[in-house]
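Could you look at this predicted model? Sequence included:
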Amino acid sequence: MSGGEFRLPSGGRIDRSRPLRFSFGGRQYQGYEGDTLASALLANGVRLTARSFKYHRPRGIMGAGYEEPSSFVELAGEDESGNQAITTVRLRDGLRASPVNCWPSPGLDLMAANQLFARMLPAAFYYKTFMWPDWHLFEPHIRRAAGLAAAPQAERRNTRYETRHWHCDVLVAGAGPAGLMAALVAARSGARVLLADEGLEAGGSLLGRKVTVDGRPALDWVAAATAELDGMDNVTRLRDATVWAYREGNLLLVTERSPDAPHVFQRTWRVRAGRVVIATGAIERAMVFADNDRPGMMLASAVQTYVNRYAVRPGRRAVIFTNNTGAYAAAADMLAAGIDIAAIVDSRLQVEDDARALVPGVEILAGHVVQRSHGGRRVTGVTVQPKAGGTPRRLRCDLVCMSGGWSPTVHLFSQSRGRLRYEESVAAFVPAEPAQPAACAGAAEGRFELAAALTDGAEKGRLAAAAMGFRAQAAAVPQTKDAPRYAIEPLWHVEQHKPTAKSFVDVQNDVTLNDIHLAMREGFGAVEHVKRYTTAGMGIDQGKTGNINIIGAIAGKEGVPLEEVGTTTFRSPYVPIEFGALAGARRESVVLPYRHTPMTAWHIEAGAVMYEAGARWRRPGYYPRAGESFQETVNREARTVRTGAAVYDGSPLGKFEIKGRDALRLIEMLYTNAFSSLKTGMGRYGLMLSDDGLVLDDGVTFKLGDGHYLMSTSTGNADEVNRHMTQFCQVERPEWDVHITPVTAAWSNATVCGPRAREVMEALGTDIDLSPDAFPFMAIREGTVAGMQARLCRVSFTGELSFEINVRSRDAAALWRRVLEVGAPFGLIPIGSEANHVLRVEKGFLSLGHEVDATVDPYDLGIGWAMSKKKPDYIGKRAVEIRRKRGGPRRELVGLLIDEPERLVTEGAPITPGGRKEASEGFVSACVWSVVHNRSVALALLKDGRARMGQKAHIRMKDEVVTALITRPCFHDPDGNFLRS
Amino acid sequence: MLHIPCPFCGPRDESEFAHGGPARQQRPDDLSPLDDAAWVDHLTVPPNPVGPVREKWWHVRGCGQWVTIERDTLTHDILEETGE
């Protein structure tokens, strides 16, 4: 079996000894190692490979690399992925590919009927048509008809993405002639060089051309250059790696698609470069004329590449349509490969003799244009005509090679905010002024001839190394023999022979010249507006082959120079990049690791259902027993706290030690209430506001001694409070003598709570006097508990008698086990955060994220008493005063008793006036089953809530309205007798 | 990603820092001379120039220090470091 009937018998950089089987659209083919999917299909004579985005027109392969605007495929099996440019998919044995956007196949595409409705799908049609009765009626169908591949269903197996951070003196993007020269010169000076190239093989444009360097095939020189680079310790060379983003601070992102590590699927390099040499080459542009999109219409350079690199003839008889000299070398290579050339249609009146000399015997139609193409599923001919007008003539062909000239690949340069200018002599936008330490070299600089590119590369490499303090020697630039001097006369489009012709400026998005003109007539004349209104230049290829034609079309219509129209913004990524490559190893718990307490392992072993409870702490939600429902477990745990004894892991609570002569001053500034009267050994509830007068946090702060305090914060808010405090200390009052040390992880605690907590503590054994007089509520004592050094606090988050036993974290697991052992005779059980939630709601204690949501102030929460009248200032004081002065209704904290006592409502459910469908007047912040009252109880923030006690609130659920009685926000022991006991 | 010069650690990636808002005048010890509008402005109207702006960054995944830099909002260039 051969590699296809269009394969040349010899030549190319494919390995004929290694045939590969693959399928495309369900049919089997064979190619060779070294092929791309595109070259293998062309070798097999497959020309129709796609249907277009909007009109479902038949399309083929147009390019040979990342510029491909036309054919995209989905890969199945272990490669599963969507929207890969057909020209960038490397062939491997067993590859399964199918075209996107045609159903059931590109040959028989039922959606092609869209073409009949083309008039209903003009530019921005989705703003204009299908509006009655409702766009949403049509949208799903239109989206199905348009669009691209579906997202892969399953995650790839055995694929790991990796990120590598890198620093280098000189980053060279592109290993074509200019890039290799730059890398050689810079590396020889001793500079640390990173050379990244998008191809598996170095050489860039040389891979697709037949030129000599120093009298030998150019690829010999490439091999020698890469060998020299690979032998240097200061050089890192990445293959199959595209530099796709140029960010501020000379940070460049490079994704390596086949790293030299079997366990890594893709690796993204985040490179901080000293200097950057952008040697990314240039991209050939398509020609714009009627029906310029049929299968068989290709870029001239792509055909040249298929012939030389892949030994494939993409057609038998070609018409070449050009406006520059570059296409003549391509034509010569095609002739050598046995492709007939019907004619070279050159829009320029004068064709240079050295260009003509390359294609002896070929008819050259100077001053002519291709007016339109003919054919159906592939091109069968073209009509040519003198540009100035005249008799049309039809030429038969099965291949049209377009060369609209070359655009330097300035994407990275432009991403770095470098300024571009329009250069008449090459009819292209070229780099003008860099904004970061970067320079373009070679074709990316607009130097399209090989000798000029090599010289420029050497010079840019020298300058880059010199700027980093390395003395680079002037390198001998190899001698080359290149095609004729590059000359071009721009032809942005051919005048259409009839007004309804479809001359595509953006093949991928099905945007025609008429669409551009329509956008301009409708007032979207600026290039960025044209882009957004028509979608020209968007999508996977980002208009690499067509953008300049759009700019040319606008300029032509407006009668202004291209410079004035300008380019659209070049944004990263330069090529499509997988999400996995962006994330690297930063997925799941690696992004934000869990925090574990010393007891986490015990909880898991005890069968607790683990929650993430604020700030990535893993803590037990509840400890179900066999046969228990969720609600039964939570009820059992909560009831045990109200009636017996229980213990919970309170370690994640935020804790800070504040020390220094100005410690009290800081605390007075942070909290709304006064702390100056606090005695050593005692704690006080404190309320913390942000400077805009909203509640930031609350917690208890103990005085351990003069100038020494222990502050506790909400679990989920400790990091934010840390930020708040350090900012104030370092930025606002750097002269204060105060130090803040986060000690959350240094101390862990087991909190014993319930009416029998004191008995459990006595059984544990402690040298601290536990009697209520010696150790009252809100006191802290230091001593030993169960033989361990401990700080014992009498605080309560449950409303019951509680002892928070803080021990060094290394002792905590032992303490926990001891508490359970000693507590067993008292019926002590561990409880999770669900029960804690029930208990605090019954008591009406506040919870960050429930009642406190960065919109409420202390008065809203009914704790205005905590706002000191005596302190001259504290953070948030003035803002609360200003807001209160303005008056107006506020949402206030209330309790709710739902009329159906068995009913639990979703936390967050909105409350609206009368339950009507209108703006909410509040929401349910918490709703639990009360074990004290054996019914549901809820807390809510409700507009003017305190004035509405005894009235009804209406909670809007998904399908019904639930009514509830508005009450005080406390359902258990309002005087706090139990927690003080 | 910015490369932020920390006066203690040297230039570090932005991902080690948290943005801390614009650098402004120190909070006065006594707010009473300020009228309400001035204080509301102070809290709610951050400077937002096109061009250089002085701003705070917290080296939270580094040394924990707050630093002040001057950054050009148009170019992202960091113009000076002042430390704090």
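Cool, the structure landed. Because the structure is a prediction, the values reported are computed rather than measured.

Tell me the secondary structure at residue A:880.
Secondary structure, DSSP: H, G, I helix; E, B strand; the rest coil: residue A:880 is helix.

Contacts only, for it.
Residue A:880 sits next to A:689, A:693, A:857-859, A:867 when contact means C-beta atoms under 8 Å, 6 or more residues apart in numbering or on different chains. Where C-beta positions appear, they are placed from N, C-alpha and C, glycine not excepted.

Tell me who's in contact with the nearest residue to residue A:519 once chain neighbours are set aside.
Leaving out its chain neighbours, the residue that sits closest to residue A:519 by C-beta to C-beta, 6 or more residues apart in numbering or on different chains is residue A:533, at 4.4 Å. The neighbours of residue A:533, taking C-beta under 8 Å, 6+ apart as the test, are A:123-124, A:519, A:522, A:524.

is it true that residue A:533 lies in a helix?
Yes. The assignment for residue A:533 (three-state DSSP) places it in a helix.

pLDDT-wise, what's the bottom of the contacts of residue A:533?
Lowest in pLDDT among the contacts of residue A:533 is residue A:124, which has 66.

can you map out the helices along chain B?
Using DSSP state H, the helices of chain B run over residues B:36-44.

any low-confidence regions in it?
Within chain B, the segments meeting pLDDT under 70 span B:81-84.

cutoff 90 now
B:1, B:22, B:24-32, B:42-48, B:74-77, B:79-84 (pLDDT under 90).

again, but for the stretch 1-150 of chain A
Flagging of the stretch 1-150 of chain A using pLDDT under 90 yields the residue ranges A:1-5, A:51-56, A:76-83, A:99-150.

Now it against chain B: closest residue?
Residue nearest to chain B within the stretch 1-150 of chain A (C-beta to the nearest C-beta): residue A:66, separated by 24.5 Å.

mind checking how far stretch A:721-733 is from the chain centre?
32 Å (C-alpha atoms, centre = their mean, to the nearest Å).

Could you find the closest non-adjacent residue to residue 77?
You didn't pick a chain, so chain A it is. Per C-beta to C-beta, 6+ apart, closest to residue A:77 is residue A:96, 5.2 Å.

my bad, the chain I had in mind was chain B
residue B:71 is the one closest to residue B:77 (C-beta to C-beta, 6+ apart), at 7.2 Å.

Alongside chain A, which residues does chain B contribute?
Residues of chain B that fall close to chain A, judged by C-beta under 8 Å from any C-beta of the partner chain: B:1-3, B:18, B:20, B:23, B:26-27, B:29-32, B:34, B:36, B:39-40, B:43-44, B:56, B:58, B:60, B:64-66, B:75-77, B:84.

need the contact list for the residue of the stretch 1-150 of chain A closest to chain B.
Contacts of residue A:66 by C-beta under 8 Å, 6+ apart are A:85, A:87-88, A:198, A:242, A:541, A:544, A:574-575.

repeat for residue A:166
Counting by C-beta under 8 Å, 6+ apart, residue A:166 touches A:194, A:236, A:269-272.

what do you get if the cut-off is 6 Å, keeping everything else the same?
With contact taken as C-beta atoms under 6 Å, 6 or more residues apart in numbering or on different chains, residue A:166 is in contact with A:269, A:271.

looking at the sheet around it, what are its partners?
residue A:271 (DSSP bridges).

Tell me the confidence at residue A:326?
94.

For it, grab the count of nearby residues.
Neighbour count of residue A:326, defined by other C-beta atoms under 10 Å in any protein chain shown: 24.

Ramachandran angles for it?
When read as degrees, to the nearest 10, the backbone of residue A:326 gives phi -60, psi -30.

Give me the spatial nearest neighbour of residue A:883, chain neighbours excluded.
Nearest non-adjacent residue to residue A:883, counting by C-beta to C-beta, 6+ apart: residue A:693, 5.8 Å away.

Kindly confirm whether my reading is correct that that neighbour touches residue A:881.
No. Counting by C-beta atoms under 6 Å, residue A:881 is not a contact partner of residue A:693; they are 7.9 Å apart.

out of these two, which sits in the busier spot?
Shown here are residue A:693 and residue A:881; by other C-beta under 10 Å, residue A:693 has more neighbours (22 against 14).

How about the secondary structure of the more buried one?
With three-state DSSP as the basis, residue A:693 sits in coil.

can you tell me which residues contact it?
A:857, A:876, A:879-880, A:883.

Turn those into CSV, including pLDDT.
As requested, the contacts of residue A:693 are exported to CSV (pLDDT from 0 to 100):
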residue, pLDDT
A:857, 92
A:876, 95
A:879, 94
A:880, 94
A:883, 91
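
Mind picking the one among those residues that's closest to chain B?
Distances from chain B to those, taken by C-beta to the nearest C-beta, are shortest for residue A:879, at 6.4 Å.

ok, the closest one to residue A:941 distance?
As judged by C-beta to C-beta, to the nearest Å, residue A:879 and residue A:941 stand 19 Å apart.
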